[in-house]
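1. coords please:
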Amino acid sequence: MLETLSLRLRILLFFIFLAVGSIGAVALGGAVVLSRSDLPGLDGAMLQAAILSGILILFLVTGIWYLFDAHVARAIDSLANAIRTRAHTDVCEEIRAEREHAKYLGDLAPAAAAITQSLAETRSALAESVARETSRLSAEKAWLEKLLADVPVAVLICTADYELVFYNGQAVHILEAGAAAGLGRSLLDYVREGPVRYAYGRLSDLNDPEAASDLVCATTGSGRMLLGRMRMLRRTDNTRRPGFVLTLRDVTADLATHATREALLAEVFDRVRRPAANLQVAIEVIAESPDMAQSPDLLAAVGSEVKALSAAIVDLGARYDEGRADWHPKTEIRSPDLFDVISAQFNAQGLRVTTEGPELMLTCDGFELATLFRWLGNRLAQSGRGNAFRLVLSEDKGPGATIDLVWEGAPLPVGELDSWLTERMDEELPNLTARSVLNAHATETWTETRPGNISVVRLPIPFARHTTHRPPPIEREVVYDFELLSKERNADVLESRLEDLTYVVFDTETTGLTPSTDEIVQIAAVRIVNGRRVRGEVFDTLVDPQRSIPPTSTDVHGITEAMVEGAPTIAEAGRRFHEFARGAVLIAHNAPFDMEFLRRHEEDIGASFDHPVLDTVLLSAVVFGQLEQHSLDALTARLGITIPEEARHTAIGDTIATADAFLKIVSMLKARGLETFGDVLTEVRRHGRLLKDLNTT
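-> Residues are numbered from 1 along each chain as shown. Predicted coordinates for the structure are as follows:
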């Protein structure tokens, strides 16, 4: 039992036993003397001497204990914590303050400093050796991640229990995962489980590592249709079911286009079948009865059917062109970029062109439009109408815009322009004509003549919009941890090892320090999976407190009322944070403060924050003792973690610092024999006078 007590407590018990033993010895000696003496009045004198001796012994032992505790026990405890910190974390700073406190321990402090310095040098040498050995692998890994990040399909690797251990940037978009995507989450949260379970079961029964299964599934959110292929991973442990690789491609638009084409073909058959059948019957009647060829009624009927069939074909052809414009691949291009390409092509042919007009985003095929204007300018020059042109872009009242090719000279008749439209524009592209480009863009072109011998060819662009600030590029990060494939999850959190749990470290910024009346203005969180902080899985949002923010609070976290205007309320932000933290252990520094804000709004959020909770204040007390400082600044300084000044007292800055501190504390907890969540919880509750533990079980 004594082995479980701290060093200082054991030393205190030693001096207590020493004091009690000394006082007992004095009392026993006095009793023996009195029992053998017949001197009158000796009893009172001996009793007074015994009491005085006991008091003196008690004061003497207490004083010696205090000096021993201050200069030996506490120094040894501080020195042990410093050694353990450097043994189980990457702190490499020299032991200085601890050596000052341990100056009465003789050569122990210098020896400890020498040991830790030697350890730091050994680690440094080992790190350099490992860095040299792994530099090539790191470069190959970076290239692999880059390639996988830009693969145009979603690539996922899952365990047999459908938990994500790898996903690329396309997967986040296709699965509609938003900010809630994360390692260790279930694939079935994002796609309907039936097709996925069926494909996995079929491949498991085949027991063929080369077999693959195609599947079509839908997302659980908007029902987006996905076409996928599943392939099993090779077994590395016959006692464990293998995971699988799943590639997904969004085919919603393709299916819609296919359905539109099918409907168009069905309508073609419906509209053509009856006139064609009637015409066939009429022709057969005429063929059998030559005399009826002179019948005006029959000829009128035949003519009517022919006209109906012809009109149907013309109408369906127009609708086909319109449908082709819908599915023809087009992208948005800035008008200055398009005009720059056209100008370069005009200059290459010895033609001059100037451009003008507003900066718009045009929905079009830039290559085809540039080819069209290059060809048109060349044809106008060949016909002698001019070699100097202006390209003028004007915005229409509706959603489109118009591009005018203007020159000073002889006009171009509409009939002649129509005859040009069927010509091949490029010798290397025999099927590309001006008419095909116009049909693909669902538009037409015509000519106009203006005063001053000005001629114009006009080309409307159906879809255009004003340019806006370019959005930041999507971070196509590849996120993975293949060790999750070999980990078994324990349903009982108390019995789970610390490294097997998923954690969400979070922090809040508020309008004040009273959880019962103040409100949250920012929530930030990061996820820790398999003992590492996943850099791509971050939650960070401002929150509209729907009340004023005191200037004193703004001075601390820098958040003003203008910054939270239009931000989500705590109901929406809380729901999103609850989704981000689903299935994880919550970690915070001074967790009761942050949790009280969240739990007060559980009814508005529509969810209960009943997660297991760990507090880094209490964890610091477990590792370093209650008498140390346990503020975030003190803890991070002790662990060699630097919080940038601009990030201090911001939710995301403090969250990252808390997460890094927790990861270092975990190794120190394990060194103390605290392997499971239950072990840590038992130890944490011994420090309840510092903070209340929030776990109910």
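2. report how many residues lie close to the closest residue to residue 680 other than its chain neighbours.
-> Spatial nearest neighbour of residue 680, excluding adjacent residues (C-beta to C-beta, 6 or more residues apart in numbering): residue 674 at 5.1 Å. C-beta coordinates here come from the backbone N, C-alpha and C atoms, glycine included. Applying other C-beta atoms under 10 Å, we find 21 residues neighbouring residue 674.
3. from what I see, residue 674 and residue 681 are in contact.
-> No: the pair residue 674 / residue 681 is not scored as a contact, 9.5 Å apart, by C-beta atoms under 8 Å.
4. measure the residue nearest to residue 680 to residue 145 for me?
-> 35 Å (C-beta to C-beta, to the nearest Å).
5. what's the domain layout of the protein?
-> Residue ranges for the domains of the chain, per automatic domain parsing: 2-108, 150-250, 255-327, 331-466, 489-687.
6. once you drop chain neighbours, what's closest to residue 625?
-> Nearest residue to residue 625, sequence neighbours excluded (C-beta to C-beta, 6+ apart): residue 77, at 6.5 Å.
7. tell me what the helix or strand hosting that neighbour is packed against?
-> Assigned by DSSP states H and E, residue 77 belongs to helix 74-88. Helices and strands touching helix 74-88, by 3 or more C-beta pairs under 8 Å, 6 or more residues apart in numbering; DSSP states H and E, are helix 7-36, helix 97-101, helix 108-149, helix 616-624, helix 651-671.
8. among the ones you listed, which is the most enclosed?
-> Each of those was scored by mean neighbour count; the highest is helix 616-624, a mean of 23, by mean count of other C-beta atoms under 10 Å.
9. right, and the helix or strand after it?
-> helix 632-638.
10. returning to what we had before: who are the contact partners of the residue nearest to residue 680?
-> 498, 622, 680, 683 (C-beta atoms under 8 Å, 6 or more residues apart in numbering).
11. ok, now how distant is it from residue 89?
-> 16 Å.
12. just to revisit the earlier point, gap between the helix holding residue 77 and the chain center?
-> 38 Å (C-alpha atoms, centre = their mean, to the nearest Å).
13. same question for stretch 216-225.
-> Worked out by C-alpha atoms, centre = their mean, stretch 216-225 lies 20 Å from the chain centre.
14. circling back to that earlier point, wait, which of the contacts of residue 674 is closest to residue 371?
-> Closest approach between those and residue 371, by C-beta to C-beta: residue 498, at 63.5 Å.
15. next, give phi and psi for residue 403.
-> According to degrees, to the nearest 10, the main-chain angles of residue 403 amount to phi -110, psi 120.
16. list the contacts of the most centrally placed residue in the chain.
-> Residue closest to the mean C-alpha point of the chain, counted by C-alpha atoms, centre = their mean, is residue 537 at 3.8 Å. Neighbouring residues of residue 537 by C-beta under 8 Å, 6+ apart: 181, 182, 183, 479, 526, 527, 529.
17. can you do 6 Å?
-> 182, 527 (C-beta atoms under 6 Å, 6 or more residues apart in numbering).
18. do residue 426 as well
-> Residue 426 neighbours (C-beta under 6 Å, 6+ apart): residue 432.
19. mind checking pLDDT for it?
-> Residue-level confidence at residue 426 comes out at 78, pLDDT.
20. what's the answer for residue 50, then?
-> 70.
21. which element, helix or strand, includes it?
-> With secondary structure defined by DSSP H and E, residue 50 is part of helix 42-68.
22. buried sites along that helix?
-> Neighbour counts over helix 42-68 (16 or more other C-beta atoms under 10 Å) mark 46, 50, 53, 54, 57, 61, 65, 68 as buried.
23. now the strands for the stretch 151-300 of the chain?
-> 154-158, 164-167, 212-218, 225-232, 244-250 (DSSP state E, counting those that start in this stretch).
24. mean pLDDT for those: which is lowest?
-> Taking the mean pLDDT of those, strand 212-218 comes last: a mean of 82.
25. three-state assignment of the closest residue to residue 611 other than its chain neighbours?
-> Leaving aside its sequence neighbours, residue 611 sits nearest to residue 586 (C-beta to C-beta, 6+ apart; 4.6 Å). Under DSSP: H, G, I helix; E, B strand; the rest coil, the three-state class of residue 586 is strand.
26. who's in contact with residue 586?
-> Counting by C-beta under 6 Å, 6+ apart, residue 586 makes contact with 504, 611, 613.
27. enumerate the positions of the strand or helix carrying residue 338 that are buried.
-> Using DSSP H and E, the element containing residue 338 is helix 335-348. Neighbour-count burial for helix 335-348 flags 335, 338, 339, 341, 342, 343, 345, 346 (criterion: 16+ other C-beta under 10 Å).
28. for the third one, give me the pLDDT.
-> I take that to be residue 339. Residue 339 is assigned a predicted lDDT (pLDDT) of 89.
29. just name the most buried of the strands of the stretch 151-300 of the chain.
-> strand 164-167 (a mean of 24).
30. ok, that one: who's next to it in the sheet?
-> strand 154-158 (antiparallel), strand 479-480 (antiparallel) (DSSP bridges).
31. please identify which of those strands is closest to residue 442.
-> Nearest of the strands paired with strand 164-167 (C-beta to C-beta): strand 154-158, 31.6 Å.
32. run the chain-centre distance for the closest one.
-> 15 Å.
33. next, the angle from that strand to helix 108-149.
-> In terms of direction (axes from the mean of the first three to the mean of the last three C-alpha atoms, to 10 degrees), strand 154-158 departs from helix 108-149 by 130 degrees.
34. can you list contacts of strand 154-158?
-> For strand 154-158, using C-beta under 6 Å, 6+ apart, the contacting residues are 164-168, 170-171, 174, 187, 243-248.
35. how about the contacts of residue 586 in TSV, adding distance to residue 631?
-> Below are the contacts of residue 586 laid out as TSV (distance: C-beta to C-beta, whole Å):
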residue	distance to residue 631
504	22
611	24
613	19
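36. select from these the one having the most neighbours.
-> In these, the most neighbours by other C-beta under 10 Å go to residue 504, 25 neighbours.
37. quick check: that residue is in a strand.
-> Yes: membership of residue 504 in a strand is supported by three-state DSSP.
38. quick check: it vs residue 182, distance?
-> Residue 504 is 9 Å from residue 182, by C-beta to C-beta.
39. overlap in contacts, these two.
-> In contact with both residue 504 and residue 182: residue 527, using C-beta under 6 Å, 6+ apart.
40. among the helices and strands packed on helix 74-88, which gets the worst mean confidence?
-> Mean pLDDT is lowest for helix 97-101 among the helices and strands packed on helix 74-88, at a mean of 57.
41. okay, now residue 641: neighbour count?
-> Residues near residue 641, counting by other C-beta under 10 Å: 21.
42. I figured it hits residue 662, correct?
-> No: Residue 641 lies out of contact with residue 662 (C-beta atoms under 6 Å); the separation is 10.5 Å.
43. quick one: mean pLDDT for stretch 395-408?
-> On average, stretch 395-408 scores 88.
44. now do the buried residues in it.
-> 400, 401, 402, 403, 404, 405, 406, 407.
45. can you show me the CA trace of it as PDB?
-> What follows is stretch 395-408, C-alpha atoms only, in PDB (Å, rounded to 0.1, in the frame of the first residue of the first chain):
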ATOM      1  CA  GLU A 395     -23.800  42.700 -70.500                       C
ATOM      2  CA  ASP A 396     -27.400  41.800 -71.400                       C
ATOM      3  CA  LYS A 397     -30.400  42.500 -69.100                       C
ATOM      4  CA  GLY A 398     -30.900  38.800 -68.500                       C
ATOM      5  CA  PRO A 399     -28.300  36.300 -67.400                       C
ATOM      6  CA  GLY A 400     -26.200  36.500 -70.600                       C
ATOM      7  CA  ALA A 401     -23.900  38.700 -72.500                       C
ATOM      8  CA  THR A 402     -23.100  39.500 -76.100                       C
ATOM      9  CA  ILE A 403     -19.700  39.600 -78.000                       C
ATOM     10  CA  ASP A 404     -19.600  41.900 -81.000                       C
ATOM     11  CA  LEU A 405     -16.900  41.600 -83.700                       C
ATOM     12  CA  VAL A 406     -16.700  45.100 -85.200                       C
ATOM     13  CA  TRP A 407     -14.900  46.400 -88.200                       C
ATOM     14  CA  GLU A 408     -15.000  49.400 -90.500                       C
END
